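Visitor: build the 3D model from these lines:
(one chain, ligands or ions: 1)
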Amino acid sequence: MSEATTEKHVFQAEIQQLLDLVVHSLYTDREIFLRELISNASDSMEKLRHLEGTEKDIQDAGIPLQVEITTDEEAGTLTIQDHGIGMTREELVENLGTIAHSGTKSFLEALKDSGNSPENMIGQFGVGFYSAFMVADEVQVYTRSWRQNGEGLVWTSDGKSGYEIEAADGVTRGVKIVLKLKDDQKEYAKEDRVKHLVETYSNFVGFPVMIGDKRINEVEALWLKNKSEISDDEYKSFYQFQAKAFDEPQYRLHFSADAPIEINALIFVPSENPERMGMQKMEPAVALYCKKVLIDPEPKNLLPEWMRFLKGVIDSADLPLNISRETMQDSALVRKVGTVISKRVIKMFEKESNGDPDKYRAFYKKFDRFIKEGVATDFANRDALAKLLRFESSMTEGDAVTSLPEYLTRAKEEQDAIYYIVGSNREQIEASPYLEAFKKRGLEVIYFTDAVDEYVVDSLGEFDGKKLVSVSKGGVDLEDTDLDGDALSEDETAALCDFLKNEFGDKVTKVEAGKRLVDSPVIALTPQDAMTPQMRAMMKAMDENFKDEVKVDLEINPRHELIKKLAEAKDAQPEVAALVAGQLLDNALMAAGLLEDARDTVSRMNSLMAKALG
Ligand SMILES: Nc1ncnc2c1ncn2[C@@H]1O[C@H](COP(=O)(O)OP(=O)(O)OP(=O)(O)O)[C@@H](O)[C@H]1O
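Guide: Purely as a prediction, here's the structure:
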């Protein structure tokens, strides 16, 4: 099968776009191309190692699994060779000519809709193989697949519009990439420069990286070493290697235990959250090892899903060595490992948040959605996670935040509930009539302003034995308090309530005098079990046919001037009283964000104004 045909191909449009970006816009961090290529080499050898367990007929079996790097200053070339699984003709087209893998695709998508500069983005996502064209004006990929009859091939491209594939002689299994360096990138043909790069970026690759017959990297399982023997720099470079990241980890947890199970874990919290930058949902990225052997780089179901932003390694010597990715799922031992580590991670956050609240606040600004997702979905850790929530309240100032445990330290002795209100921001919340009664009584109200908060409180339900109670809902029992001013008598109040109930008919469930109001005449409350305005807005956005009649409890303030006048007017000027009543209800609905149709409101206002002007 050694037909010396030359196949010419053009790159898929997205690849051309990517290449254009790589060659023309990305100037910093060019040196990362080496890390990308070594990492591909290592991935491929990892795959071969897995195949060795199940396949007998492997091409060139027995050649050492290592990365071999050769520099040639005179020719201006750099060569990176591995002995991994290699590629067939079809795989070359598929892998190096189209965007088949998710990393690059989401990189391009994020770039499109985030307005971020590519320079920033590349640091976080890498562009894999194509980064070779940052430094080379021609790239050749010699390859032979691991399959016994795999043919020797060479893929050649100048990274502009397309590539060629030809048969090649004398190719061993794996991939050999030859970079013809650009004139201004010849530094990468110098052995010292390349050696330094390997030490910087690829020190922890799981296979030997050789330059000539010298091994450059350490191949060290940092997580098994003693904490006291590891410097911050070593941690950082391990994180960057393992997470393929360029940022600094903001927190880390290095944890070892012997009983009940032997676990060594090294977990990092990155400083950036790609999901916030419009990237798709992340995959879990804390790798599972057993005695330094990688079992699964992205184990699902090991840690709770909300922890997918964490990076690092968990190694347990107690796991059976032959555990596979498939059987992992049902292993009680794996579950146990996951439980121990998640508890530890949460404890770490708690400790860090107490130790350095400002730093935690900065973390929370970027990663809060994960914590909230945890509260809503991770039942086993819900209470511990609830302590990590932060929010503003009627007692915080500026953009300071507080926590549930802090709230409880300020709570009144007899207070058996935690009060909250949902709204879009502090200003909107504070302009609403719902806080009056709570302020007056010195009760703190939490402000939940993130779109997901309502869902989070709903699933939390209570904290430390105290129910979370919405102040915009009915049925909140408040202590009596001395309020200034004369009020309508009980009889007058009852008569007015009857009158109003009669006016409003089905629009309200009930009308009664409330203890909540200080400065406002009326307030509309959603019944305890009803949807809140925010929830309704969301349902309406999701389903255009969504219909649900708004019915509210209306509380009136018998001390308010307007209410007192209305009580008189209902007998003296029934016509005006009816107009005022209708308007009061609309005002209350408006303040609650529940007024759906303002046509009546406007015409009623017009009549009222006409009456006022005589
Ligand atoms: N040394 C290699 N040996 C075998 N296959 C390779 C090698 N290098 C690249 N490939 C194939 O080419 C594909 C594309 O590589 P590329 O580096 O662009 O992306 P990736 O490694 O899949 O993803 P990312 O770099 O974003 O993590 C790989 O998925 C792999 O199938």
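Visitor: now residue 47, nearest residue through space, not along the chain?
Guide: In space, residue 47 comes closest to residue 85 once its chain neighbours are excluded; the distance is 4.9 Å by C-beta to C-beta, 6 or more residues apart in numbering. All C-beta spots, glycine's among them, are computed from the backbone N, C-alpha and C.
Visitor: dump the residue contacts of that neighbour.
Guide: For residue 85, the contact set (C-beta atoms under 8 Å, 6 or more residues apart in numbering) comprises 44, 47, 48, 51, 145, 146, 173, 174.
Visitor: mind redoing it with 6 Å?
Guide: Residue 85 makes contact with 44, 47, 48, 146, according to C-beta atoms under 6 Å, 6 or more residues apart in numbering.
Visitor: filter those to the buried ones?
Guide: The neighbour count (16 or more other C-beta atoms under 10 Å) marks 44, 48, 146 as buried among the contacts of residue 85.
Visitor: wait, doesn't residue 295 sit right on residue 288?
Guide: Yes - taking contacts as C-beta atoms under 6 Å, residue 295 lies within contact range of residue 288: 4.7 Å.
Visitor: domains for the chain, by residue range?
Guide: 3-215, 222-362, 391-470, 490-612 (automatic domain parsing).
Visitor: so what touches the helix or strand encompassing residue 563?
Guide: Assigned by DSSP states H and E, residue 563 falls within helix 561-572. Under the criterion C-beta under 6 Å, 6+ apart, residues 488, 492, 496, 499, 521, 556, 557, 576, 577, 580 lie in contact with helix 561-572.
Visitor: burial of residue 259, as a residue count?
Guide: For residue 259, the neighbour count with other C-beta atoms under 10 Å is 6.
Visitor: one more: residue 332?
Guide: For residue 332, the number of neighbouring residues by other C-beta under 10 Å comes to 7.
Visitor: per-residue pLDDT of it, please?
Guide: pLDDT for residue 332: 84.
Visitor: who touches it in this structure?
Guide: Not one residue lies near residue 332 by C-beta under 6 Å, 6+ apart.
Visitor: ok so, going back, between the domains of the chain, which gets nearest to the ligand?
Guide: domain 3-215 (2.5 Å; C-beta to the nearest ligand atom).
Visitor: now do the same contact list for residue 7.
Guide: Contacts of residue 7 (C-beta under 6 Å, 6+ apart): residue 165.
Visitor: show the pLDDT at it.
Guide: At residue 7, the model reports a pLDDT of 91.
Visitor: so it sits in a strand?
Guide: Yes - counting by DSSP: H, G, I helix; E, B strand; the rest coil, one finds residue 7 located in a strand.
Visitor: for it, give its distance to residue 87.
Guide: Distance, residue 7 to residue 87, by C-beta to C-beta, to the nearest Å: 14 Å.
Visitor: also residue 52?
Guide: Residue 52 sits 18 Å away from residue 87, going by C-beta to C-beta.
Visitor: measure how buried residue 192 is and give me the count.
Guide: The tally of other residues near residue 192 (other C-beta under 10 Å) stands at 10.
Visitor: oh, that last question was meant for residue 73, not what I typed.
Guide: Neighbour count for residue 73, taken as other C-beta under 10 Å: 13.
Visitor: for the chain, what helix or strand is lowest in average pLDDT?
Guide: When the helices and strands of the chain are scored by mean pLDDT, DSSP states H and E, helix 118-125 comes last with a mean of 54.
Visitor: tell me the helix or strand right after that helix.
Guide: Remark: after helix 118-125, the chain's next helix or strand is strand 136-144, criterion DSSP H and E.
Visitor: can stretch 88-99 be found next to the ligand?
Guide: Yes - using C-beta under 6 Å from any ligand atom, we find that stretch 88-99 touches the ligand at 95, 96.
Visitor: repeat for stretch 172-188
Guide: Yes - counting by C-beta under 6 Å from any ligand atom, the ligand has neighbours in stretch 172-188: residue 175.
Visitor: distance from that stretch to the middle of the chain?
Guide: Distance, stretch centre to chain centre, for stretch 172-188: 37 Å (C-alpha atoms, centre = their mean, to the nearest Å).
Visitor: just the buried residues of it, please?
Guide: Judged by neighbour count using 16+ other C-beta under 10 Å, the buried positions of stretch 172-188 are 172-182, 185, 188.
Visitor: need those residues in CSV with pLDDT, can you?
Guide: Below are the buried residues of stretch 172-188 laid out as CSV (pLDDT from 0 to 100):
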residue, pLDDT
172, 95
173, 96
174, 97
175, 98
176, 98
177, 98
178, 98
179, 98
180, 98
181, 98
182, 96
185, 95
188, 97
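Visitor: kindly indicate which of those lies nearest residue 386.
Guide: Taking C-beta to C-beta as the measure, residue 386 sits nearest to residue 175 out of the buried residues of stretch 172-188, at 49.9 Å.
Visitor: now the closest one, nearest residue through space, not along the chain?
Guide: Using C-beta to C-beta, 6+ apart and skipping residues adjacent in sequence, the residue nearest residue 175 is residue 143, 4.8 Å away.
Visitor: okay, and the beta partners of the one you found?
Guide: Applying DSSP bridges to residue 143 gives these bridge partners: residue 153, residue 175.
Visitor: residue 10 now?
Guide: Counting by DSSP bridges, residue 10 is bridged to residue 162.
Visitor: buried ones in the helix ranked longest in the chain?
Guide: In the chain, assigned by DSSP state H, the helix with the most residues is helix 332-355. Neighbour-count burial for helix 332-355, counted by 16+ other C-beta under 10 Å, picks out 334, 337-338, 340-342, 344-346, 348-350, 352-353.
Visitor: how about the helix or strand in which residue 493 is found: buried residues?
Guide: Assigned by DSSP H and E, residue 493 belongs to helix 490-504. Under the neighbour-count criterion of 16+ other C-beta under 10 Å, helix 490-504 has 493, 496, 497, 499, 500, 501, 503, 504 buried.
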